[in-house]
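J.: just need the structure, nothing else, for what follows:
(one chain, ligands or ions: 2)
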Amino acid sequence: MFRVLVSDPISRDGLEPLLEANNIEIVQKNVSEEENLAQYDALFVRSATKVTEELMNQMPKLKIVARAGVGVDNIDVDQATRKGIIVINAPDGNTISTAEHTFAMIASLVRHIPQANMSVKNREWKRSSFVGSELHGKMLGIVGLGRIGTELARRAKAFGMRVAVFDPFLTKERSEKIGVEKHDFEELLTQADIITVHTPLTKETKGLLNKETISKTKKGVYLVNCARGGIIDEDALCTYLENGHVRGVALDVFEVEPPEHTRLLEFEQVIATPHLGASTKEAQLNVAYQVSKEVLLFIQGKQVTTSINLPAMSDEAYQKVAPYDSLAQKIGSFLSQYMNQPVQSITIEYEGTAAEIETAYVTKSMIASFLKQRMDININTVNAGVLARERGIQFIEKVSDQNSGYSNSMKVTIHGEQTTSEIKGTSIPHFGERIVSVNGFSIDFHPSGHLLYIQHTDVPGVIGNVGRILGNHSVNIATMQVGRKEKGGEAIMMLSFDRPLDQPILSALTELDEIVFVKAIEL
Ligand SMILES: NC(=O)c1ccc[n+]([C@@H]2O[C@H](COP(=O)([O-])OP(=O)(O)OC[C@H]3O[C@@H](n4cnc5c(N)ncnc54)[C@H](O)[C@@H]3O)[C@@H](O)[C@H]2O)c1
Ligand SMILES: O=C(O)[C@H](O)COP(=O)(O)O
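T.: Ligands and ions are numbered 1, 2, ... in the order given. Below you'll find the predicted structure:
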C-alpha cells in the first residue's frame, strides 16, 4: 500500500488519477493533526505546510513531496535532496489564475475599487474621493517575465498599456515576440507607472524593491506583489507610503502569512488579498491533477517530469535514457561489490549514442547503484551526488571522442585507495546490455543474476579444475566467458549460475594454484 498524506486544502477531483488507482490510500489531514506521520510515502502540500527537515525526519518512509502549485520556498529542498526525497511541483496549472488575479489587483488599485466598495457599504456617496487613473497609455513594469509575467503582459497590452520588462534571463528575441520593451532594472524603476514583481523568492530577489530601489521610482508609482512576500521589503513600503512617494500598493502575499503584525494593512492606499492568486476552481483542479499524475508515474516506477531536484526529463526522453540507465546501474553495482575498499573518485565516460542522452541522470544513477552496496540508507538519483561528495568521492563525467567500434559505450573507472578498476559496457537494441571489458580484459557477458568473477593465470587445465570443483558442489554453470590479454599471462573468467554460490565453494576455488582472485557478484 502506498500512503499519501494531503496536508493543505487540495482539490479532491484533481486527485482522481490516484483515487482511481489500486493500492493507494489517501488521507486528507493537516500534518499537525496526524499522529502517525511515519506511515506515509508521499506528502501533498500547497504554500501553508512548511516541509522542514524536522517534519521529514518524522516521515522516514517519505519518498516524494508534491507541491500543488509553483513556489517551493515552503519546502527545504536541500534537505529533501539529501534524504533522497523527490520534490515535484505543478509549474503552470495556476499561471492564468494568478495573472488574472494580478490584473484584477492592478485595475482595483488604480480605480480604488476596494476602498470605494467599503465606502458605499458604509452608506457614503463620495464620488470625488475616488477619482482614479486610466491604465491605457501607462507603462507597466514587470519584474520577471516567466509564465505569469508573460500572461500578465498580454493582458496589459490588450488594455493599451506599454509593457517594460526586467528579467536577466530574457532574450531580445523573446521580448520582441511577446511585444514588450526589454529594460535593465534601473530603467524600469525610473520609467514605470506601475511595477509588479513575478519572480520566485530567492537570495537575489529578497528585498529587490527596497529603500534604495524604490527611491528611484516615479513619484506616485503603484507597486504590486502577487508573487512572494519579501520581494518588496515591507518596511520600505511603509516609509514610502507615509511620505506619499508610493501612491498605492496591491499585495496578495506577505513576508509572514497571515500578516498579523504588519503596519502595511493600516494604510488606506494598500489593498490586499489573502494569497488568492491560485485560488480558483480551475487552477486548483489543474495543479492537483498535474501532481497526482506525476505521483502516479512515480509509483509506477516511471520518470517524473516536473521534479525540482532531479534533471527534468519527459517520459519520451526517459525511454531513450532507460537502456543506458540500466547498464549504468549494473556497472555501478558490479564495481562496488568487486572493489571492497574506500573509493576516491569515479569517472564515467560516454561514447557514441550514449553521449547524446541526459548523461547527468545516468551518472547519478550509476553512483546511486555503487553507493547502495555500501550504505544502509535510502539512495537514489536525487541524493547520490550529494552523498558521494559528502563522503569525499569525486565524480567526473566525460564524453569520449574516440571510436572504439561500438555504436554506444559507457566506461566506468573507479580509483580506490589501493587499486583502480574499470568496466566498459554497451547496450545493444533488442538484445540488452553487455559488459565488453573488465580491467582491460576483453570479454562479453550479460550483467545479470548470480555471477562469478575469477582472475587466473592462462594455463592449460584451469577451466577444467574450476568446472570440477563446481560440479563436486552440484553447481550447474549457466554461462561462461573467458578473456585474456596475452597467451600465458593473466586471464579472467566470468561465469553465471542459477543460484548464489556459498562461501565453501568460493574458498575451494581460491585454493587452486592458478587462481589469483575470486569474487561472487549479485546483479
Ligand atoms: N500569489 C499566488 O498565489 C501565486 C501563484 C502562482 C505563483 N506565484 C509565484 O509567482 C512567482 C512566479 O511564478 P511563475 O510561474 O511565473 O515562475 P517562472 O519561473 O515561470 O518565472 C519566474 C521568472 O523570474 C525571473 N527571474 C528570476 N530571478 C530574477 C531576478 N533576480 N530579477 C528578475 N527576474 C528574475 C526568471 O527568469 C523567470 O522568467 C513564483 O514565486 C510563484 O511562487 C504566486
Ligand atoms: O506558488 C504558488 O503556486 C502560489 O503561491 C499558490 O500558493 P497556494 O497553493 O498556497 O495557493
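J.: what helix or strand is the closest residue to Q344 other than its chain neighbours on?
T.: Using Cβ to Cβ, 6 or more residues apart in numbering and skipping residues adjacent in sequence, the residue nearest Q344 is H415, 4.9 Å away. In this view, the C-beta of every residue, glycine as well, is placed from N, C-alpha and C. Under the criterion of DSSP states H and E, H415 resides in strand 408-416.
J.: give me the contacts around the helix or strand following that strand.
T.: Moving toward the C-terminus from strand 408-416, the next helix or strand (DSSP H and E) is strand 420-428. Strand 420-428 is contacted from outside by 323-324, 326-327, 330-331, 334-335, 338-339, 354, 404, 406-414, 433-440, 447, using Cβ atoms under 8 Å, 6 or more residues apart in numbering.
J.: same thing with stretch 201-219?
T.: 71, 73, 143-144, 185-186, 189-193, 195, 197, 199, 221, 223, 227-233, 235-237, 239-240, 244-246.
J.: so which of those residues are in strands?
T.: 143, 195, 197, 221, 223, 246 (DSSP state E).
J.: spatially, which two of those are the most separated?
T.: V143 and V246 (15.4 Å; Cβ to Cβ).
J.: tell me who's in contact with R82.
T.: R82 touches 383, 386-387, counting by Cβ under 8 Å, 6+ apart.
J.: distance of it relative to ligand 2?
T.: Distance of R82 to ligand 2, given as Cβ to the nearest ligand atom, to the nearest Å: 23 Å.
J.: ok, V4 - contacts?
T.: Per Cβ under 8 Å, 6+ apart, neighbours of V4: 18, 24-27, 40-44, 295.
J.: out of those, which is nearest to ligand 2?
T.: In terms of Cβ to the nearest ligand atom, no member of those lies closer to ligand 2 than F44, at 10.7 Å.
J.: who touches the helix or strand where that closest one lies?
T.: Following DSSP H and E, one finds F44 within strand 42-45. Residues from elsewhere that reach strand 42-45 (Cβ under 8 Å, 6+ apart): 2-8, 10, 31, 49, 51, 59, 62-68, 74-75, 288, 291, 295, 298.
J.: could you list the buried residues of the next helix or strand after that strand?
T.: As assigned by DSSP H and E, the chain's next helix or strand after strand 42-45 is helix 53-57. Going by neighbour count (16 or more other Cβ atoms under 10 Å), the buried part of helix 53-57 is 55-56.
J.: what residues does the helix or strand just after helix 53-57 touch?
T.: Where DSSP H and E defines the elements, the next helix or strand beyond helix 53-57 is strand 64-67. Defining contact as Cβ under 8 Å, 6+ apart, one finds that strand 64-67 is touched by 41-46, 51, 74-75, 80, 85-90, 291-292, 294-295, 298, 304.
J.: then stretch 114-129?
T.: 108, 130, 268, 271.
J.: and the buried ones among those, selectable in ChimeraX?
T.: Command for ChimeraX that selects the buried part of the contacts of stretch 114-129, burial taken from 16+ other Cβ under 10 Å:
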select :108,271
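J.: can you name the residues of the chain that neighbour ligand 2?
T.: Within the chain, the positions near ligand 2 by Cβ under 6 Å from any ligand atom are 46-48, 69-71, 94, 275, 277-279.
J.: out of the residues you listed, who's the most crowded?
T.: G69 (27 neighbours; other Cβ atoms under 10 Å).
J.: okay, now the closest residue to S448 other than its chain neighbours: neighbour count?
T.: Leaving aside its sequence neighbours, S448 sits nearest to L523 (Cβ to Cβ, 6+ apart; 5.3 Å). By the other Cβ under 10 Å criterion, the neighbourhood of L523 contains 17 residues.
J.: closest to L152 among the residues of the chain next to ligand 2?
T.: G277 (11.1 Å).
J.: any idea how far the nearest residue to the closest one once chain neighbours are set aside is from ligand 1?
T.: Counting by Cβ to Cβ, 6+ apart, T98 is the residue found nearest to G277 once chain neighbours are left out, at 3.8 Å. According to Cβ to the nearest ligand atom, T98 and ligand 1 sit 4 Å apart.
J.: contacts for the host helix or strand of T98 next, please.
T.: Using DSSP H and E, T98 falls within helix 95-110. Helix 95-110 has contacts (Cβ under 8 Å, 6+ apart) with 113-114, 132-135, 140, 147-148, 151-152, 155-156, 194, 196, 198, 222, 224, 226, 248-250, 252, 271, 273, 276-280, 282-283.
J.: how about stretch 10-30?
T.: Contact with stretch 10-30 is made by 1-8, 34, 40, 44, 46, 49, 68, 281, 284-290, 292-293, 295-296, 299, as judged by Cβ under 8 Å, 6+ apart.
J.: give me the mean pLDDT for it.
T.: Stretch 10-30 shows a mean pLDDT of 97.
J.: could you export that stretch as PDB, CA atoms only?
T.: Included here for stretch 10-30 are C-alpha records, laid out as PDB according to Å, rounded to 0.1, in the frame of the first residue of the first chain:
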ATOM      1  CA  ILE A  10      -6.300  20.400  -2.400                       C
ATOM      2  CA  SER A  11      -9.000  19.700  -5.000                       C
ATOM      3  CA  ARG A  12     -10.400  16.200  -4.400                       C
ATOM      4  CA  ASP A  13     -11.400  16.000  -8.000                       C
ATOM      5  CA  GLY A  14      -7.800  16.700  -9.000                       C
ATOM      6  CA  LEU A  15      -6.600  13.700  -7.100                       C
ATOM      7  CA  GLU A  16      -8.600  11.500  -9.400                       C
ATOM      8  CA  PRO A  17      -5.600   9.700 -11.000                       C
ATOM      9  CA  LEU A  18      -4.600   8.500  -7.600                       C
ATOM     10  CA  LEU A  19      -8.100   7.800  -6.300                       C
ATOM     11  CA  GLU A  20      -8.700   5.500  -9.300                       C
ATOM     12  CA  ALA A  21      -5.500   3.500  -8.900                       C
ATOM     13  CA  ASN A  22      -5.200   0.400  -6.800                       C
ATOM     14  CA  ASN A  23      -3.300   0.100  -3.600                       C
ATOM     15  CA  ILE A  24      -3.100   3.800  -2.800                       C
ATOM     16  CA  GLU A  25      -4.500   5.200   0.400                       C
ATOM     17  CA  ILE A  26      -5.200   9.000   0.500                       C
ATOM     18  CA  VAL A  27      -5.700  10.800   3.800                       C
ATOM     19  CA  GLN A  28      -6.600  14.500   3.800                       C
ATOM     20  CA  LYS A  29      -5.400  15.800   7.100                       C
ATOM     21  CA  ASN A  30      -3.000  18.600   8.100                       C
END
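J.: so which bits of it are buried?
T.: Quick answer for stretch 10-30 (16+ other Cβ under 10 Å): 10-11, 14-15, 17-18, 24, 26.
J.: any chance of these in TSV with secondary structure and distance to ligand 1 as columns?
T.: Output for the buried residues of stretch 10-30, formatted as TSV (DSSP: H, G, I helix; E, B strand; the rest coil; distance: Cβ to the nearest ligand atom, whole Å):
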residue	secondary structure	distance to ligand 1
I10	coil	14
S11	coil	15
G14	helix	16
L15	helix	20
P17	helix	22
L18	helix	23
I24	strand	27
I26	strand	24
